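Novice: Need the 3D shape of this:
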Amino acid sequence: MNLQKLLLKQFFSVGAYKYLGELIFFLSSVVISRLLLPEEFGLIAMATIFYSFLAQFTDMGVSESVVREAGDEKFYQNIQNLYLLIGLIAGGAMAVLAYPISLFFEQETLFPVGLTYGGILFLYAFPKAMVAYLRKEEKLVLISKIELACVVFHVLCSIFLAWAGFSYWSLVLPHLVLPIFYYFLYRRYVKIAFLKFSVSSIADAWQKVKSLVYAFSTLNFIQYWEKAIDNLWVGKFYGETGLGLYNRAYMLMSMPVNVIRGHINTVMYPVIVNKSLTKQEIKTEMIHFIKLISAVLSFPAIVFILFPNRLSVFLWGENWNGVGEYLGILSIALLLLGFTQLSNSLYVILRKEKVWLINGIISGIVVMALISVGVMFSINAMIYGYLAALLFVSLPLTFYLGYYRSFSFSLREIVSVAGYNYVGAITFFILKLMALDALLIYPAVFVAGVSLLRVIGYVKFLNAEKNIVNE
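Specialist: Okay, here's the model as predicted:
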């Protein structure tokens with residue numbers, strides 16, 4: 001089976017559970033949004049800015065290293081100890097930060113919430129080594145089944161607690177039980193014995209993973225705050241209601257690419273690594289795949305850009321009408337985020353972490369600077385600052401440092417892979433900036449038309465490949 005068909009087979013077999021889980025989670029947000037107010041969501045979003053940041057460091061490329069490196073039973077036991085140590089440090093850091101966070105946002109209730117999230121960070125460390133092992137073994141459907149079971153459990157707990165009057169705690173308390181649920185489900189299939197903590201066991205694990213950890217930890221820091229600094233400033237300057245509305249817009253915009261991101265990390269990376277392809281073979285296969293993913297993500301982006309207000313009211317009710325004001329602008333980024341995510345994976349697969357690091361530091365600093373300046377004027381100005389940094393700094397850097405210099409793509413190949421989405425995003429950006437919303441239909445038709453042709457072309461490519469194999 002050729003790589004494209006293998007990737008699609010894995011995507012659809014794994015995706016059947018992943019998409020169902022995302023759908024269930026999304027529908028639950030429709031229900032919970034009618035039980036909680038925007039300010040209650042905004043309050044938890046304030047805490048999760050720092051919780052999610054520390055959660056980034058509970059892996060730091062360790063799982064990618066497990067997939068990329070060979071290892072025996074002792075190696076996985078050492079990795080498990082490393083995960084627990086990292087989880088303990090991250091959880092302790094969250095507990096220490098709980099009170100300063102409450103002072104920063106001037107919300108006393110954030111202190112107990114922050115302490116709770118500290119315990120949650122440590123608990124989530126327990127199943128991580130088992131998940132990394134299953135990814136290495138390409139047991140991807142099994143991982144997706146367990147993820148789906150946990151999503152259902154999480155959703156039911158949150159809805160029940162919200163209905164029972166637990167307010168914002170209904171968004172926090174399920175996470176105390178969920179990692180335990182994860183652990184015992186994975187334990188049925190993977191049994192990694194606990195070794196006694198020792199400096200030598202941690203050092204052995206560290207030697208295997210440190211190359212990717214250095215790159216991932218630095219990039220996690222830059223890229224996380226590149227994504228989260230908007231929430232930080234919106235929560236600080238516009239309060240929990242403003243953050244609740246903005247955060248919901250960002251959640252809906254990023255949902256399609258989050259589905260793809262999970263598939264890339266879970267499916268594409270181990271499949272390509274285990275196939276031991278050459279650089280040229282990876283490049284050839286990835287051109288087709290990047291085009292497909294960019295085309296698929298274009299359709300929800302167009303819907304979000306053209307119908308933001310009606311969509312937000314339809315999904316969550318009149319209390320959430322303000323979401324549409326931000327969703328229509330933010331969704332321009334969705335045209336390019338799939339391409340960006342696949343590019344990040346290429347850096348890792350082709351062992352170009354240093355180039356990725358340089359790219360990430362430069363673009364991250366520019367994004368954070370423009371967001372910080374824009375938020376002083378309004379939330380809309382902040383979003384335009386983010387888009388300007390993405391379109392005119394981050395993407396050109398990726399084109400040049402990544403695709404041209406590191407991946408050896410020709411200019412024609414770069415234009416073929418990302419050109420039409422890039423031009424479409426710039427056109428949307430200019431029209432929204434000039435308040436010419438009546439003209440948005442024209443770039444929408446262009447992007448949708450080319451995306452549809454790309455999807456049809458990909459299907460024809462797969463059929464052609466099948467015919468060649470049969471002959």
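
Novice: Tell me which other helices or strands the helix or strand hosting residue 95 touches.
Specialist: Using DSSP states H and E, residue 95 maps to helix 73-105. Contacts defined by 3 or more C-beta pairs under 8 Å, 6 or more residues apart in numbering; DSSP states H and E place helix 73-105 against helix 38-56, helix 62-68, helix 110-123, helix 128-136, helix 199-263. C-beta: built from backbone N, CA, C; applies to glycine.

Novice: what's the offset of it from the middle of its chain?
Specialist: Chain-centre distance of helix 73-105: 20 Å, with C-alpha atoms, centre = their mean, to the nearest Å.

Novice: after the lowest-mean-pLDDT helix or strand in the chain, next one along is what?
Specialist: The least trusted helix or strand in the chain, going by mean pLDDT, DSSP states H and E, turns out to be helix 269-275, with a mean of 62. Per DSSP H and E, helix 269-275 leads on to helix 279-306 as the next helix or strand towards the C-terminus.

Novice: Mind listing what's buried along that next one?
Specialist: By neighbour count on 16 or more other C-beta atoms under 10 Å, the buried set for helix 279-306 is 282-283, 285-286, 288-302, 304-305.

Novice: So which elements touch it?
Specialist: Checked by 3+ C-beta pairs under 8 Å, 6+ apart, helix 279-306 has helix 3-32, helix 199-263, helix 323-330, helix 334-349, helix 411-433, helix 441-470 packed alongside it.

Novice: can we see that at 6 Å?
Specialist: helix 199-263, helix 334-349, helix 411-433, helix 441-470 (3 or more C-beta pairs under 6 Å, 6 or more residues apart in numbering; DSSP states H and E).

Novice: which is the next helix or strand following it?
Specialist: Using DSSP H and E, the helix or strand that directly follows helix 279-306 along the chain is helix 308-316.

Novice: Between helix 323-330 and that following helix, find me the angle.
Specialist: Inter-element angle recorded for helix 308-316 and helix 323-330: 130 degrees (by axes from the mean of the first three to the mean of the last three C-alpha atoms, to 10 degrees).

Novice: Now helix 308-316: average pLDDT?
Specialist: Mean per-residue pLDDT for helix 308-316: 86.

Novice: just stretch 42-54 next, same as before
Specialist: 85.

Novice: can you check stretch 368-388 too?
Specialist: Computed over stretch 368-388, the average pLDDT equals 92.

Novice: these two touch, right, residue 233 and residue 374?
Specialist: No. When contacts are counted by C-beta atoms under 6 Å, residue 233 is not listed as touching residue 374 (9.0 Å).

Novice: more crowded one of the two?
Specialist: When residue 233 and residue 374 are compared for neighbours, residue 374 comes out ahead with 22 against 19, by other C-beta atoms under 10 Å.

Novice: Name the nearest residue to the more buried one, ignoring sequence neighbours.
Specialist: residue 385 (3.3 Å; C-beta to C-beta, 6 or more residues apart in numbering).

Novice: Kindly report the same for residue 80.
Specialist: Per C-beta to C-beta, 6+ apart, closest to residue 80 is residue 129, 3.7 Å.

Novice: Tell me which residues touch that neighbour, please.
Specialist: Neighbouring residues of residue 129 by C-beta atoms under 6 Å, 6 or more residues apart in numbering: 76, 79-80, 83, 192.

Novice: Residue 347 now?
Specialist: residue 356.

Novice: how far away is it from residue 282?
Specialist: 12 Å (C-beta to C-beta, to the nearest Å).

Novice: what's residue 356 in contact with, if anything?
Specialist: residue 347.

Novice: Name the SS class of it, please.
Specialist: Reduced to three states with DSSP: H, G, I helix; E, B strand; the rest coil, the structure at residue 356 is helix.

Novice: Do you know the pLDDT at it?
Specialist: 80.

Novice: What distance do you get for it to residue 398?
Specialist: For residue 356, the distance to residue 398 - C-beta to C-beta - is 9 Å.

Novice: What of residue 128?
Specialist: According to C-beta to C-beta, residue 128 stands 29 Å off from residue 398.

Novice: which stretches of this protein have low pLDDT?
Specialist: Low-confidence regions of the chain, defined here as pLDDT under 70, cover residues 1-16, 60-72, 138, 194-198, 201, 204-220, 223, 261-277, 461-471.

Novice: Can you classify residue 435 as helix, strand or coil?
Specialist: Going by three-state DSSP: residue 435 is coil.

Novice: What is the burial count for it?
Specialist: Neighbours around residue 435, by other C-beta under 10 Å: 7.

Novice: Residue 311 versus that one, what's the distance?
Specialist: 20 Å.
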